[in-house]
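Enquirer: this is the structure alone, sequence omitted:
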């Protein structure tokens, strides 16, 4: 079990050259990186390529926009985004509330 309430929250400014701060609690082992993340209004994670891993993102609250290989996806609570190994994506909070999500990055 991973209790995210007990993990230290880190603040990463301009993650992958995105805008604003990325608030994240992260569990990492040799098999997976599992994160609970938050992007405040207008914040983003910059464009990056998953060269050695995929990423699965589950939206908990808020509204976000993923741009994956040039295609836009609007995501809201209950949606799941899947970025395959080799794809590029960016994540932007386009709502007026916190965008909260869980992300899993399997170490492939």
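Expert: Sure, I can see it. Nothing here was measured: the structure is a model prediction, and the numbers come from that model. Numbers count the residues shown, from 1 in each chain.
Enquirer: where in the protein is pLDDT low?
Expert: Across the chain, no stretch falls below the confidence threshold (pLDDT under 70).
Enquirer: can you pull out the strands in it?
Expert: Listed in chain order, the strands found in the chain under DSSP state E are 9-13, 21-28, 32-39, 44-49, 55-61, 63-68, 71-76, 80-83, 88-93, 99-106.
Enquirer: could you list the paired strands of the shortest one along with their orientation?
Expert: Partner strands for strand 80-83, per DSSP bridges, with pairing direction: strand 55-61 (antiparallel).
Enquirer: rewinding a little: deepest-packed of the strands of the chain, please.
Expert: With neighbours taken as mean count of other C-beta atoms under 10 Å, these reach their highest mean count in strand 88-93, at a mean of 22. C-beta here means a position set from N, CA and C on the backbone, and glycine is covered the same way.
Enquirer: for residue 81, see how far away the spatially closest residue to residue 89 that is not a sequence neighbour is.
Expert: Beyond its immediate neighbours in the sequence, the residue positioned closest to residue 89 (C-beta to C-beta, 6 or more residues apart in numbering) is residue 68, lying 4.2 Å away. Distance from residue 68 to residue 81, counting by C-beta to C-beta, to the nearest Å: 8 Å.
Enquirer: hey, what's in contact with both of the two?
Expert: residue 89 (C-beta atoms under 8 Å, 6 or more residues apart in numbering).
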